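> Sequence first, predicted model second:
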Amino acid sequence: MKVLITGSHGQLGMEIQKQLRLGYSEIGPIPEKLKNATVLAVDLDELDITNRTAVVDFVRRHQPDAIINCAAFTNVDGCETNTDAAFKANAIGPRNLAIAAEKAGARLVHVSTDYVFSGRENGEIPQDETCLPGPISAYGNTKLLGEKYVQEFCRRHFIVRTAWLYSYYGKNFVKTMVNAGRKVGALEVVNDQKGNPTNAVDLAHHILKLVVSHEYGIYHCTGEGVCSWYDFASEIIRLSGVNATVSPCTSAQYKAKHPASADRPAWSALENRMLRCTVGDEMRPWQQALACFFEHWDGENGMK
C-alpha cells in the first residue's frame, strides 16, 4: 500500500510516520496491510496543498492508495488576523486533496477539529457525530468548510475530528505548560473550557486502522474522559515534576488580558461513537495517555 502524508513535519504527521516505520504503536500493532507500506511524506516545502494544479499533478504522478492530510493552519488566534492564509490551508487545501484523491481513486483521511462546534449545541453532554456544527472562530469556520469540501469532492473519505492534541514532536500545550512552569513558576489557566486531551499516538493508531477500512464517514477521535484546561495543566505539572503552581481563571479574565485572542468553545467534549460502532475505540483515558507520554518523552522534541 502506498500512503501519502501531507503536513509530515507536524506532530501528527511525525507520529504516523513513526508507527508506519515501526509497525506498531504504544497501543498495539498497526494493520497488517500497512506494515510494508510505501510512505510519501511531504510538507509545504515539497507540496503546497493550496495549489490545486500542483496537488493534482503530484497525486497523478505518484498514485497513492491513501492520502492522510495532517496539514493545517492550527494557530487559532492567528487565524483571526490572517484569514486568507487560514482559508487557503484549512479549506482550499483539503478541497484540492479531495479532487486529486477522487481522480486517482485514493482514500482520503482529513484531520479536523472539535472547534467546528460552538460549545453550546448539546449542553454538557459529549457531542457525537450526529451533532450539528456551529463554529465561533475563524479557525473553526475554515476547518468546517474544509470538511464540506472533502465530503463534496471525494467519495472515499474519512473526516477525523480530534481535540487538544499533543505529541512527542512539535509544539503543543503540554510542552508549553512544562516550559512555562520552569520559567515563571506560577501558571494561570482557564477552568471554564472543557474538552478531551488527546495523545497523537492514539490518534495516529486509529487513523491507520481507518485508512485500511471501507468505513467511510465522519469520526470523532479523542482521548477518553473530559477535563478543563486547568485540570489538564495541573496534571501536566504534577507528572512533569516541575516546581510550579497552577491557578484557575475564567475565559473572561483571560480575554481581558489577551483581547486579540479568538473565542474558544466552552464545551467541546466529543464522543467517539463512530469508532466504537465500526473499527473499534481503543483511545486511552486521557490521564493514562498523558502519564505514558511523560514516561517516554525526552524533554525536548522526541522520545527517550
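Sure thing, it's come through.

> OK, contacts around residue 303?
Each residue near residue 303 by CB atoms under 8 Å, 6 or more residues apart in numbering is listed here: 168, 296, 297. (Glycine included, C-beta is placed from N, CA and C.)

> got the CA coordinates for the helix or strand hosting residue 5 in CSV?
Taking DSSP states H and E as the criterion, the element that holds residue 5 is strand 2-6. What follows is the C-alpha trace of strand 2-6 in CSV, where atoms were taken according to Å, rounded to 0.1, in the frame of the first residue of the first chain:
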residue,chain,number,x,y,z
LYS,A,2,1.3,3.5,-0.9
VAL,A,3,0.4,6.3,1.6
LEU,A,4,0.9,10.0,1.1
ILE,A,5,1.1,12.1,4.3
THR,A,6,0.8,15.8,4.0
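
> Counting neighbours, which bits of that strand end up buried?
By neighbour count, with 16 or more other CB atoms under 10 Å as the criterion, the buried positions of strand 2-6 are 3, 4, 5, 6.

> Surely the last one is in contact with residue 46?
Meaning residue 6. No. Judged on CB atoms under 8 Å, residue 6 makes no contact with residue 46 at a distance of 9.3 Å.

> For the stretch 101-250 of the chain, which segments count as helices?
When assigned using DSSP state H, counting those that start in this stretch, the helices of the stretch 101-250 of the chain occupy the ranges 138-153, 173-184, 200-211, 229-240.

> Let me see the contact set for the residue in the chain sticking out farthest from the centre.
For the chain, the C-alpha lying farthest from the average C-alpha position belongs to residue 243; by CA atoms, centre = their mean, that distance is 29.4 Å. Shown in contact with residue 243 (CB under 8 Å, 6+ apart): 181, 185.

> I'd like the distance between it and residue 127.
Taken as CB to CB, to the nearest Å, the spacing of residue 243 relative to residue 127 amounts to 37 Å.

> Redo the contacts of residue 303 as JSON lines? Include pLDDT and distance to residue 148.
Supplementary listing: these in JSON lines, determined by pLDDT from 0 to 100; distance: CB to CB, whole Å:
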{"residue": "168", "pLDDT": "97", "distance to residue 148": "32"}
{"residue": "296", "pLDDT": "96", "distance to residue 148": "37"}
{"residue": "297", "pLDDT": "96", "distance to residue 148": "36"}
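
> Since that was my last question, I'll sign off now.
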